[in-house]
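Trainee: This is the structure alone, sequence omitted:
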């Protein structure tokens with residue numbers, strides 16, 4: 001069995017992060033797997049040096065933001081090794097979307113899982129693997145105290161979101177999908193999704209598949225506070241797509257614009273300002289799941 005490079009973010013997720021890394025390294029040692037370790041933050045050159053020495057797989061131990069940084073470094077590699085996402089972050093939306101629910105499960109699938117192709121989103125020279133978004137959920141994610149996230153995990157997002165529901169303000173949004181205008185109107189939120197999960201909602205884009213060559217645009221239209229709460233409740237169980245306040249469409253390219261500033265997000269990291277031109281790079285990376 002070839003070398004496994006573990007990329008670990010010690011700042012990700014809960015207070016038990018170090019225990020997760022200990023478990024990963026212990027398991028790999030027991031399986032007699034040659035292992036290297038690279039901690040964040042790291043440079044593109046540091047990762048390239050490891051890859052030049054020969055790496056059979058990357059095991060990314062962190063959250064969606066850690067995975068995003070690795071993906072962006074890998075986009076300059078001609079033939080990157082397959083990636084295994086081990087959920088050590090707060091949300092871990094992409095790992096969970098691949099059916100990886102625990103650290104132990106992530107390590108198991110890193111060593112013996114099947115390889116699947118995964119699409120990558122490209123936006124202004126940056127890349128994302130799970131979601132590009134703007135609006136309400138992004139404000140919640142970036143406004144939630146890091147210490148609260150470590151203590152309460154995903155509950156911290158829900159608490160923060162409930163506190164701010166009454167102050168949500170819409171923005172005039174225009175969206176083109178595959179070169180055609182698809183949505184124009186006031187909206188609270190938009191998301192371009194590569195997997196069903198985002199923002200701790202487990203089935204936000206139920207038709208999304210990470211290797212189908214497309215991504216899914218979801219727009220939450222302007223509505224009253226009671227209607228907004230109703231949509232959020234429906235979204236928790238994946239029953240929101242038929243709600244009249246939701247716009248949903250699949251596509252291979254997206255152009256998003258708004259006249260007012262909007263907080264944006266790429267896989268949990270702060271995103272660029274609008275307007276956006278998002279293109280999908282089909283089956284660009286391989287993941288183990």
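Mentor: Cool, got the structure. As the structure is a computational prediction, the values presented were derived from the model and not from experiment. Numbering: from 1, shown residues only.

Trainee: for the stretch 1-150 of the chain, what spans make up the helices?
Mentor: Secondary structure of the stretch 1-150 of the chain (DSSP state H, counting those that start in this stretch): helices at 17-30, 44-52, 64-74, 93-97, 103-112, 136-143, 146-152.

Trainee: for the third one, packing partners?
Mentor: Okay, so that is helix 64-74. helix 44-52, strand 57-62, strand 83-87, helix 93-97, strand 126-128, strand 269-270 (3 or more C-beta pairs under 8 Å, 6 or more residues apart in numbering; DSSP states H and E). C-beta coordinates here come from the backbone N, C-alpha and C atoms, glycine included.

Trainee: Looking at these, which is nearest to residue 33?
Mentor: Closest to residue 33 of these, according to C-beta to C-beta: strand 57-62, at 9.4 Å.

Trainee: between the closest one and helix 103-112, how many degrees?
Mentor: Using axes from the mean of the first three to the mean of the last three C-alpha atoms, to 10 degrees, one finds that strand 57-62 and helix 103-112 are set 170 degrees apart in direction.

Trainee: helices or strands up against strand 57-62?
Mentor: For strand 57-62, the packing partners by 3+ C-beta pairs under 8 Å, 6+ apart come out as strand 4-8, helix 17-30, helix 64-74, strand 83-87, helix 103-112.

Trainee: residues in contact with it?
Mentor: 2, 4-9, 12-13, 20-21, 24, 40, 66-67, 70, 74, 80-86, 88-89, 103, 106-107, 110, 288 (C-beta atoms under 8 Å, 6 or more residues apart in numbering).

Trainee: what's the angle between it and helix 44-52?
Mentor: Strand 57-62 runs at 140 degrees relative to helix 44-52, counting by the same axes, to 10 degrees.

Trainee: Tell me the strands beside strand 57-62, with direction?
Mentor: Using DSSP bridges, strand 57-62 pairs in its sheet with strand 4-8 (parallel), strand 83-87 (parallel).

Trainee: Would you reformat those as CSV and include mean neighbour count, distance to residue 200 and mean pLDDT?
Mentor: Output for those, formatted as CSV (neighbours: other C-beta atoms under 10 Å; distance: least, C-beta to C-beta, whole Å; pLDDT from 0 to 100):
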stretch, mean neighbour count, distance to residue 200, mean pLDDT
strand 4-8, 23, 22, 97
strand 83-87, 28, 12, 96
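
Trainee: Could I get the ones you listed in TSV, plus columns for distance to residue 52?
Mentor: As requested, those are exported to TSV (distance: least, C-beta to C-beta, whole Å):
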stretch	distance to residue 52
strand 4-8	12
strand 83-87	17
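
Trainee: rewinding a little: would you write a PyMOL line that selects the buried entries of the contacts of strand 57-62?
Mentor: Listed next is the PyMOL selection for buried residues among those, using 16 or more other C-beta atoms under 10 Å:
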select buried, resi 4+5+6+7+8+9+12+13+20+21+24+40+66+67+70+74+80+81+82+83+84+85+86+88+89+103+106+107+110+288
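
Trainee: quick one, domains of this protein?
Mentor: 4-113, 128-282 (automatic domain parsing).

Trainee: any chance of these in a markdown table, with distance to residue 121 too?
Mentor: As requested, the domains of the chain are arranged in a markdown table below (distance: least, C-beta to C-beta, whole Å):
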| stretch | distance to residue 121 |
| --- | --- |
| domain 4-113 | 10 |
| domain 128-282 | 5 |
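
Trainee: do you know which of those lies nearest residue 120?
Mentor: Across the domains of the chain, closest to residue 120 is domain 128-282 (C-beta to C-beta), at 4.6 Å.

Trainee: To what extent is residue 272 buried, counted in neighbours?
Mentor: Using other C-beta atoms under 10 Å, residue 272 is surrounded by 14 other residues.

Trainee: isn't it right next to residue 125, touching?
Mentor: No - using C-beta atoms under 8 Å, residue 272 is not in contact with residue 125; the gap is 9.2 Å.

Trainee: between the domains of the chain, which gets the lowest average pLDDT?
Mentor: When the domains of the chain are ranked by mean pLDDT, domain 128-282 comes last with a mean of 84.

Trainee: Just the terminal-to-terminal distance for that one.
Mentor: 12 Å (C-alpha to C-alpha, to the nearest Å).

Trainee: Check stretch 194-204 too.
Mentor: OK, stretch 194-204 end separation, C-alpha to C-alpha: 11 Å.

Trainee: Thanks a lot, catch you later.
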